[in-house]
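*Asks:* Next input, structure requested:
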Amino acid sequence: MRFYSRVLLVGDLLCAAVVFSGVELTRLRLGAYIPAYDLVFGAALTIFWPAVVAIGGGYRRRAHGEGTEEFRSVMQAGLGLTAAVAIMAYLTQTNVARSYVMAMLPLTTVVTLLFRHRMRKRLHRLRSKGEHMRRVVAVGHRQSVQELVQQLRRQPYHGMRVVAACLPYGEYKRHRSDVDGVPVLGDFRDVPAVVDKVDAEAVAVLACPELHGAALRRLAWGIESRGTDLFVAPALMDVAGPRISVRPVAGMPLLHVEHPELQGSRRLVKSAFDKVVAAVFLLILAIPMLVIAVVVRATSPGPALFRQTRVGRYGREFHMLKFRTMVVDAERLKPVLLECNESDGVLFKIRNDPRVTRVGQLLRRYSLDELPQLLNVLRGEMSLVGPRPPLPAEVEQYGADVHRRLVVRPGMTGLWQVSGRSDLSWEESVRLDLRYVDNWSLMLDLQILWKTWSAVTGGKGAY
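*Replies:* Okay, here's the model as predicted:
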């Protein structure tokens with residue numbers, strides 16, 4: 001990752017240099033006179049650009065590979081430098097070329113963001129092949145360690161591979177076998193020795209009562225001299241960073257967790273955003289949707305649209321619209337196919353469902369069958385982003401915790417869509433939906449919408 005940071009630094013400098021050259025060439029083509037001090041100032045901004053990004057935290061190793069911290073640092077660097085140049089030029093009455101403030105710095109920010117995005121995608125591809133992974137020792141109970149191992153294997157882009165496990169003393173004595181292929185090399189007292197043995201770069205401590213404050217402090221001291229990173233999972237899982245803050249109370253650091261904001265102005269902003277975007281996309285996609293409807297009608301008997309009762313916010317039922325992808329009597333044939341169900345929960349999913357038409361397979365692969373749901377969004381029954389809209393029969397089988405999915409509007413896309421779609425287990429799908437409900441924000445919605453494009457074009461997990 002140190003090499004990766006150096007690559008980013010050189011790339012950021014090149015982005016600034018390319019934009020600076022392009023702006024100056026454009027000014028020359030337009031016949032503008034460029035004094036020498038303008039060129040010197042522009043070159044200084046180019047050289048200074050990586051330093052500004054560094055001040056904003058753009059080269060921190062923890063920011064690379066996932067999350068928005070990296071991109072937020074670049075945005076803040078661009079806005080801060082633009083504002084600083086404009087203010088200083090005004091205060092000192094310096095004749096700075098407006099093209100630097102209005103073109104060079106904004107374009108440098110955009111080009112750097114695009115470069116960072118491409119580098120992150122490349123890093124994800126390499127990590128999916130098992131390269132550039134951080135070796136991790138997992139510390140906790142067997143079940144927690146197993147869940148962590150499986151999660152990191154499903155999502156290798158995190159860049160972490162569990163290479164050894166340390167269990168509580170009792171579990172270690174009773175079961176010394178591996179945990180899902182990961183060797184168990186000791187108990188909690190052996191963590192520093194295990195770190196040395198497997199040459200680990202990080203230790204992941206999972207929530208367990210045995211590792212209280214004093215024990216965790218001693219563990220941190222034991223690996224401190226080795227330069228090994230320490231990650232501690234709180235007992236409250238699936239809570240996003242903005243809702244968590246550490247506050248000292250009576251000399252003790254307490255973890256303060258804010259409640260999710262499910263009402264109020266932010267909800268109104270989300271609703272307005274959904275309806276405006278849905279209306280715009282309906283206008284843009286009107287003709288393509290009409291073509292799809294004609295093709296569906298022409299290739300199989302029956303209507304082009306399929307209406308199905310789904311459960312929305314607070315348990316209210318509504319008719320969800322989709323382009324029909326199955327034969328007309330698909331629901332009547334469902335009982336015959338129940339024994340072929342490939343889902344491990346209340347969902348009914350078959351990878352090669354015989355009821356799906358040939359055109360329907362194509363529509364499902366690229367989620368084109370879901371475009372009419374923009375009308376549901378416009379009517380306020382659905383949101384662009386949210387939990388998967390469930391069937392009434394599914395809701396009847398919900399446990400008490402799963403009902404929390406219904407406190408927000410269901411979405412056309414969501415964490416389930418960008419994390420595997422139909423390949424997800426029922427438990428994983430529920431966990432992602434509950435995580436969204438507890439951590440939703442407009443910024444999270446924008447991230448999911450951005451990721452939906454690659455998930456849809458890839459077609460993975462769609463059937």
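
*Asks:* List the buried residues of stretch 115-133.
*Replies:* Phe115, Arg116, Met119, Arg120, Leu123, His124, Leu126, Arg127, Met133 (16 or more other CB atoms under 10 Å). C-betas here are computed from N, CA, C, even on glycine.

*Asks:* Same question for stretch 61-70.
*Replies:* In stretch 61-70, counting by 16+ other CB under 10 Å, buried: Ala63, His64, Gly65, Glu70.

*Asks:* Hmm, Arg122 and the second one touching each other?
*Replies:* No - because the distance of 11.6 Å does not satisfy CB atoms under 8 Å, His64 is recorded as not touching Arg122.

*Asks:* And the strands in the stretch 301-450 of the chain, which stretches?
*Replies:* Here the stretch 301-450 of the chain has its strands, by DSSP state E, counting those that start in this stretch, at 305-311, 317-323, 383-385, 411-413.

*Asks:* Give me whichever of those is most buried.
*Replies:* Highest mean neighbour count of the strands of the stretch 301-450 of the chain: strand 383-385, a mean of 26 (counted as mean count of other CB atoms under 10 Å).

*Asks:* So what are the sheet partners of it and their directions?
*Replies:* Using DSSP bridges, strand 383-385 pairs in its sheet with strand 411-413 (parallel).

*Asks:* Please compute how far the partner strand lies from its chain's middle.
*Replies:* In terms of CA atoms, centre = their mean, to the nearest Å, the centre of strand 411-413 is set 15 Å apart from its chain centre.

*Asks:* Same check on stretch 70-84?
*Replies:* Stretch 70-84 sits 22 Å away from the centroid of its parent chain (CA atoms, centre = their mean).

*Asks:* contacts for it?
*Replies:* 45, 48-49, 52-53, 55-58, 60, 63-64, 101, 105-106, 108-109, 112-113, 116-117, 120 (CB atoms under 8 Å, 6 or more residues apart in numbering).

*Asks:* Using ChimeraX, define a selection of the buried residues within these.
*Replies:* Per 16+ other CB under 10 Å, the buried members of these correspond to this ChimeraX selection:
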select :45,49,52,53,56,57,58,63,64,101,105,108,109,112,113,116,120
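
*Asks:* Just the ones in helices from the contacts of stretch 70-84, please.
*Replies:* Secondary structure assignment by DSSP state H places 45, 48-49, 52-53, 55, 105-106, 108-109, 112-113, 116-117, 120 of those in helices.

*Asks:* any idea of the pLDDT on Val246?
*Replies:* Listed pLDDT for Val246 reads 68.

*Asks:* Surely His319 is in contact with Thr309?
*Replies:* Yes - assessed by CB under 8 Å, His319 is found in contact with Thr309 at 6.1 Å.

*Asks:* What residues are bridge-paired with the nearest residue to Ser177 once chain neighbours are set aside?
*Replies:* Leaving out its chain neighbours, the residue that sits closest to Ser177 by CB to CB, 6 or more residues apart in numbering is Val184, at 6.9 Å. Assessed by DSSP bridges, Val184 has beta-bridge partners Ala165.

*Asks:* Ignoring the adjacent residues along the chain, who's closest to Phe231?
*Replies:* Nearest non-adjacent residue to Phe231, counting by CB to CB, 6+ apart: Ala204, 4.7 Å away.

*Asks:* Which helix or strand contains the one you found?
*Replies:* Element membership for Ala204 (DSSP states H and E) is strand 202-205.

*Asks:* Check Pro248 too.
*Replies:* strand 244-249.

*Asks:* among the strands of the stretch 301-450 of the chain, which is nearest Leu91?
*Replies:* strand 383-385 (43.4 Å; CB to CB).

*Asks:* same question for that closest one, mean pLDDT?
*Replies:* If you average the pLDDT over strand 383-385, you get 94.

*Asks:* Could you dump the strands of the stretch 301-450 of the chain into CSV and include distance to Leu81?
*Replies:* Listed next are the strands of the stretch 301-450 of the chain as CSV, based on distance: least, CB to CB, whole Å:
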stretch, distance to Leu81
strand 305-311, 48
strand 317-323, 47
strand 383-385, 32
strand 411-413, 35
